Each structure stands twice: as C-alpha cells, then as structure tokens.
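> whatever this is, show me its structure:
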Amino acid sequence: MTGDSTAVALGAADATARVPGVAESATGGAREVARAAARAAGVEVRTVHDVAGIAAVTDFFSDVWQTPRSTPPYPAEVLHSLVHAGGAVHVAFDGGRPAGASVAVFGPPAGADVYSFVAAARASDRGVGYAVKQAQRVWALERGARSMRWTFDPLVGRNARFNLVKLGAAGTEYLVDFYGPMADGINDGDESDRLTVTWDLVRPSPSRPAPDAAARDAAPATRRAPDGGPLARRDAGDRHVWCRVPHDAVALRAADPVLALRWRHAVREVFTEAFAEGFTATRMSRDGWYTLTRSPEEGTA
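Numbering: from 1, shown residues only. Next up, the predicted model:
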C-alpha cells in the first residue's frame, strides 16, 4: 500500500455471509478495530458492487498509479469479474469521494486464505489505508478465512513499516521481477521485485516494537549499499539479518533510475540469500532497516 462518514459499513451481502468455524470473538474484535480505524481516519469504508462504484475505483487506481484513465491499471471489467467470482472491492469514502480502495479474492488452501489483489490510499493518508485493511479483515473472517496475503515493493520503506509493524504481518516470500516490465507512472523503468506478506487474521501480531538499533549497528556489515554505506548486517548468533533500503525509493527512481536499479539488485541479493536460509522479514525501522529473523527450527537444522 501507499498509500471516507465515520463508520465501517460492510454492506448487506457482507452482513449475512457468516461462515462457521472462525472464532466469533476474533470476528467481533475485528469489527471493533475496523470501526475505530474508520472513525480515526474520518472515512466510511464499504464494499461496492455497482457499475458506477467500480468505475470510480478504477479511476482512483489510475490516479494513484499515474496512468491515463483511458488505460487504467485495473480495468472496471476485471474488478466486476473478481466481485462476481466472490471477491470484494472495498472503498474508503471521504465526503463521497474515494480516498482508498482495495480488492480481495479467495485462494487456497480450501478457501482459508484471502489474497489482497491491490490496495491503495491517497498520499495524504490519515490512516485510510489502515481502515481499508481492517475492513478487508472483517470481510475475510466472516467468510471463514484465517490468513491474507499480498505483495508490495520491498524498496518502499513506508509500505514495509505499514505491513510489518502497523499490521503485524510477516514477509514470507521474495519474488524476483514478479510482474516483468511495468509502464505505469510509479514503476516505469524498474524491475518489479515484490515481497509477499502473510497476515494472520485470527491472531494478528500486535504492533511490533522498534528494532534494537544498538544491536543492529554493532553487528558487522556484510555488504555495502550503492551509496557507500552499509547495506546488510548479520548478528553473531546468526538469528538476524538487517537490510537497508533507500530513504525514498519512489523519488530516487524518478530522479536517478540507474541508481535505483542498483539498489534493487543489491537488496535482492540480500533477501534471496536470507530467504533461502529460512529467514522471514519481521520488522522495519523508521530509518529504513529491515529486520529478517530466522525461526528456531531453521536455526537448528
């Protein structure tokens, strides 16, 4: 995510689609969190199914990804099809205008996992993105899902903080050039590496504390970044790897795409090596450092 009327409205279809098996306490708690998030953001979040509502979402995504509205990144007919297949388009409305939106569909195993196809909020996000994700969580829990996955650009530190710290998800898979070449206004000229995050919907992790910067800085640097500073560090116990990303990858890509691509390749090497050893991404610091953690089982293998 990048990044409205003060309650989460889930829609008639959502209110009746209860599936046994998911703890009622988890679903009820999720509803309270979603309502509070929408109030804090000053938005109303609801699903849309109609032609006009989905067209407004299509235009919103075009604006976010800086593409002409005539060639949107997510055409209305595709969104209609996903809804018809049992997915959902959630929209955060601010005074009747979309301020955030997301699309989710069900996936394996046996419909217990939801895939968040796309989610975005305006840059002036007041917590809109958080409100949208919490509404998605309620929708998914009511239908029996227990986890949700989605991907994001691992170079964008603010999105990593939102996903790993604010939501408490974990980075579980590194995908090299996942989409191939992209031609939108945000990603044009870059390679489309993505990090998959997995979010436990029933027992989401609480907001994770800030990483121990002293322990990180005391660990030896194992790689250098394109700016000459340390790129990666590894602790002596082989339990943590830290990896740094540029301060503002989107601005860097616009200003110096060659340097941005060097960062892409450097970070890719750290992540693919660490993930092959059983690490997952668990945190992101405010100064742009990922924490990758290896589980005890992996560490003793």
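
> how about low-confidence regions in this structure?
Along the chain, segments meeting pLDDT under 70 span 1-24, 110, 123-125, 183-185, 188, 206-211, 296-301.

> now the longest strand along it: buried residues?
Identified as the longest strand of the chain according to DSSP state E is strand 97-107. Going by neighbour count (16 or more other C-beta atoms under 10 Å), the buried part of strand 97-107 is 98-104, 106. In short, each C-beta sits where N, CA and C put it, glycine included.

> do the same with stretch 64-83
Neighbour count says stretch 64-83 has 64-65, 67, 72-74, 76, 79-80, 82-83 buried, by 16+ other C-beta under 10 Å.

> circling back: pull the most distant pair out of the buried residues of strand 97-107.
The most widely separated members of those, counting by C-beta to C-beta, are 99 and 106 (25.9 Å).

> could you pick out the longest helix of this protein?
Ordering each helix of the chain by length in residues (DSSP state H) puts helix 257-276 first.

> helices and strands around it, which ones?
strand 170-175, strand 221-224, strand 230-234, strand 240-244, helix 249-255, strand 289-294 (3 or more C-beta pairs under 8 Å, 6 or more residues apart in numbering; DSSP states H and E).

> sorry, back to before: contact partners of the helix or strand that comes right after the longest strand of the chain?
Taking DSSP states H and E as the definition, the helix or strand that follows strand 97-107 towards the C-terminus is strand 113-121. Contacting residues not belonging to strand 113-121 are listed as 1-3, 60-61, 64-65, 74, 82, 87, 92, 99-107, 128-129, 132-133, 136, 140, 145-150, 201 [C-beta atoms under 8 Å, 6 or more residues apart in numbering].

> same thing but 7 Å
Contact with strand 113-121 is made by 1-3, 61, 64, 74, 82, 99-107, 128-129, 132-133, 136, 140, 145, 147-150, as judged by C-beta atoms under 7 Å, 6 or more residues apart in numbering.

> which residue ranges of the stretch 1-150 of the chain form strands?
If DSSP state E, counting those that start in this stretch is used as the criterion, the strands of the stretch 1-150 of the chain fall at 44-47, 88-94, 97-107, 113-121, 147-152.

> CSV please, covering those and showing distance to residue 181.
Below are those laid out as CSV (distance: least, C-beta to C-beta, whole Å):
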stretch, distance to residue 181
strand 44-47, 33
strand 88-94, 27
strand 97-107, 22
strand 113-121, 18
strand 147-152, 17
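
> ok, the closest residue to residue 79 other than its chain neighbours - contacts?
Nearest non-adjacent residue to residue 79, counting by C-beta to C-beta, 6 or more residues apart in numbering: residue 54, 4.9 Å away. By C-beta under 7 Å, 6+ apart, residue 54 lies in contact with 48, 76, 79-80, 89.

> please apply the same query to residue 156.
Residue 156 touches 249-250, counting by C-beta under 7 Å, 6+ apart.

> could you redo the last one with a cut-off of 6 Å?
Taking C-beta atoms under 6 Å, 6 or more residues apart in numbering as the criterion, residue 156 is in contact with residue 249.

> from residue 238, how far out is it?
28 Å (C-beta to C-beta, to the nearest Å).

> now do residue 136
Separation of residue 136 from residue 238 (C-beta to C-beta): 36 Å.

> who's more crowded, those two?
Taking other C-beta atoms under 10 Å, residue 136 and residue 238 do not tie; residue 136 has more neighbours (27 against 12).

> between the helices and strands packed on helix 257-276, which one is closest to residue 280.
Nearest to residue 280, of the helices and strands packed on helix 257-276 and by C-beta to C-beta, is strand 170-175 at 5.2 Å.

> after that closest one, which helix or strand is next?
strand 194-200.

> report the beta-bridge partners for residue 94.
Note on residue 94: beta-bridge partners by DSSP bridges are residue 97.

> can I assume it is in contact with residue 44?
No. Contact criterion C-beta atoms under 6 Å: residue 94 and residue 44 do not qualify, at 8.3 Å.

> between the two, which has more neighbouring residues?
When neighbours are counted by other C-beta under 10 Å, residue 44 comes out ahead of the other of residue 94 and residue 44, with 22 against 18.

> quick check: beta-bridge partners of the more buried one?
residue 93.
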